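[1] Kindly generate the corresponding structure for this input.
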Amino acid sequence: GQEVRGSIHDGIDAINKEVESTTGRQVDLEKTFDQLVINAGNSNAEIVDARVKSDGTSYSKLGDRLNEVDSQLDTIENDLNSEIHNLNLVVNNNKSELVDNMSSIIFKDVIMTNEFDVSLTNIVKDNNHNAFTTLIKYNNEYIIAYRVGSTHVSYDGKIVIRKSNDLVNWSNEVVVFQDADIDYRDPFFEIFNNNLVLKYVKRFNKTTNNDDFREVWITSTNNINIWSKGVLLPNPIGTKSATRGNMCVKDGYIYTINYDLWGGTYLLRSNNLADWVHVCNLKENTNEGSIAYLNNKFVCLLRITDSDGDNFLFGESLDGVNWNFKPIPIRGGCPTVQEIQLSNYSKSLVVTYRDISVLKTSFDRCYFNMIFMDENGNILTDSYNISNQLSSFDMGYGDIIYDTNNIYISYYDKNGINLKKIDKIAIYNKIKA
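    Below you'll find the predicted structure:
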């Protein structure tokens, strides 16, 4: 056994010595190769100089130094990619907040004057009472709808539409709704699932024993010559529905703000225009509301009648169900609030309304004005008189659309149905100055 162990020991020792010898010969071979490369006749002065770093570190071969440079570049690239990734996280986390707050940053106490007017088009003027406009662009055509009646409260009101390709030249009136002893009024347009949606009021004659009974209806079309069968919207509050309230679209639902004549405002929604769900009651003692969606939340403006007269409440909600309200220093009624893109980075709310601040407590004399607000209900500009006249309450009811350069506001006054074109770029440039 001792002899076997000895033989094994001697064998292992011989193997170790052979490995050491082989390793030594390999090192010698590499050194010899390096010397062959170095002394192969190609190491001119420029190559020899390139093997030395600026700090004096010398490399046996130029390839060794280039390999180290590659390694350093890889490290720098990895570090830069890491920094870029971290920077993108910061930008993405703050981008929404930056854009949301941009309007609050750039707006000043801007005095709105008529220097921003581009043009005024009188679409119709005749002996009828033409009022309550809504305006939209659909399938590359501009469409306006309004009520035609003999007086403001007559029971012969009909809803008509006109079309235009340029907002200057308009087609003849086409009647959409008209019935004996029914006052059709307060139309509003919206686009939902590629269809043009029209909301309107049917106000029934007292002779039908309905005591001025009112209903709000919805219809739609993809061809304005053929409208779908109307759908009666529910009123969770009372029996005198009214619709001085617009619509907005969010996440596959269309929302509409309505009010009962004496019971307050409420919010409905639908995903198919046929089935409507009561979302919430907004506020008692309010009417003539308007809704929009801006910077990830719903906003609305409501007219409230209290001991101080007619004022406005601003509301905001993340889900459309739970609302926070605050009063804002505007006296009047008939608000329309519309989200507007002022620039690539700035959104705000543009609001039109009847302003009764002249007499404080009466609609006997009022202006039809426009202001800009941010998504928190802060008024960003002075009021801008759209109608250029002081008139009775029977005016206003504006609707708003815009394009890259201009804002277009439809409204009515004693001159009939009008369209005011306002220079959006000029307003933005003055605001940000």
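[2] Am I right that E83 sits in a strand?
    No - looking at E83 with DSSP: H, G, I helix; E, B strand; the rest coil, it is helix, so not inside a strand.
[3] From F314, how far out is it?
    42 Å (Cβ to Cβ, to the nearest Å). Just so you know, the C-beta spots here come from the backbone N, C-alpha and C atoms, and that holds for glycine as well.
[4] Comparing these two, which residue is more hemmed in?
    Per other Cβ atoms under 10 Å, whichever of E83 and F314 has more neighbours is F314, with 24 against 10.
[5] Secondary structure element holding the more buried one?
    Using DSSP states H and E, F314 sits in strand 309-317.
[6] Same check on R147?
    strand 141-149.
[7] Relative to that strand, what are the paired strands and their orientations?
    strand 129-138 (antiparallel), strand 158-164 (antiparallel) (DSSP bridges).
[8] Can you show me the helices along the stretch 251-400 of the chain?
    For the stretch 251-400 of the chain, no helices are identified by DSSP state H, counting those that start in this stretch.
[9] quick one: low-confidence parts of it?
    By pLDDT under 70, the low-scoring segments of the stretch 251-400 of the chain are 306-309, 343-345, 357-365, 389-393.
[10] buried ones in stretch 377-391?
    G377, I379, L380, T381, S383, Y384, I386, S387, S391 (16 or more other Cβ atoms under 10 Å).
[11] ugh, typo on my part, it should be stretch 277-291
    Quick answer for stretch 277-291 (16+ other Cβ under 10 Å): V279, C280, N281, L282, K283, T286, N287, E288, G289, S290, I291.
[12] What about Y402, how many residues nearby?
    18.
[13] and if you look at L318?
    11.
[14] when you give positions from now on, start the count at 44
    Sounds good: first residue 44 from here, last item L361.
[15] surely it meets Y336?
    No - checked against Cβ atoms under 8 Å, the pair L361 and Y336 is beyond contact range at 10.8 Å.
[16] All the strands of the stretch 194-343 of the chain, in order from the start?
    201-207, 217-220, 225-235, 238-247, 257-264, 274-275, 284-285, 290-293, 296-303, 307-313, 320-326, 329-337, 340-349 (DSSP state E, counting those that start in this stretch).
[17] Export the ones you listed as CSV, with columns for distance to A188.
    CSV is the format used below for the strands of the stretch 194-343 of the chain (distance: least, Cβ to Cβ, whole Å):
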stretch, distance to A188
strand 201-207, 5
strand 217-220, 7
strand 225-235, 4
strand 238-247, 7
strand 257-264, 11
strand 274-275, 18
strand 284-285, 17
strand 290-293, 13
strand 296-303, 16
strand 307-313, 20
strand 320-326, 25
strand 329-337, 17
strand 340-349, 22
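[18] mind listing what the strand holding F357 pairs with, with the direction of each?
    strand 340-349 (antiparallel), strand 367-384 (antiparallel).
[19] picking up where we left off before, which one of the buried residues of stretch 320-334 is nearest S193?
    E331 (23.2 Å; Cβ to Cβ).
[20] The closest one contacts I300, doesn't it?
    No - counting by Cβ under 8 Å, E331 does not reach I300; the two are 9.6 Å apart.
[21] what about G441, how many residues close to it?
    28.
[22] OK, contacts around it?
    T176, C377, T379, T395, Y396, F411, M413, I429, I452, S453, Y454 (Cβ atoms under 8 Å, 6 or more residues apart in numbering).
[23] Generate TSV for those residues, with distance to V292 as supplementary columns.
    Formatted as TSV, the contacts of G441 follow (distance: Cβ to Cβ, whole Å):
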residue	distance to V292
T176	20
C377	22
T379	16
T395	20
Y396	23
F411	27
M413	23
I429	26
I452	21
S453	20
Y454	24
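[24] So which of the residues you listed is the closest to N289?
    T379 (6.5 Å).
[25] Could you report the neighbour count for the closest one?
    By the criterion of other Cβ under 10 Å, T379 has 27 neighbours.
[26] I444 is in contact with that one, correct?
    No - T379 lies out of contact with I444 (Cβ under 8 Å); the separation is 11.1 Å.
[27] before we move on, back to that, any idea of the angle the strand holding F357 forms with strand 320-326?
    130 degrees (axes from the mean of the first three to the mean of the last three Cα atoms, to 10 degrees).
[28] Pick out the residue nearest the middle of this structure.
    In the chain, the residue lying closest to the centroid (Cα atoms, centre = their mean) is L337, at 4.8 Å.
[29] beta partners of that residue?
    K340.
[30] Hmm, it is touching Q381, no?
    No - L337 is beyond contact range of Q381, at 9.4 Å (criterion: Cβ under 8 Å).
[31] Quick check: neighbours shared by the two?
    The contact lists of L337 and Q381 share L392, where a contact means Cβ under 8 Å, 6+ apart.
[32] Relative to I202, which of the strands paired with strand 352-360 is closest?
    Here strand 367-384 is closest among the strands paired with strand 352-360 (Cβ to Cβ), at 17.7 Å.
[33] Just want the angle from that closest one to strand 225-235.
    70 degrees.
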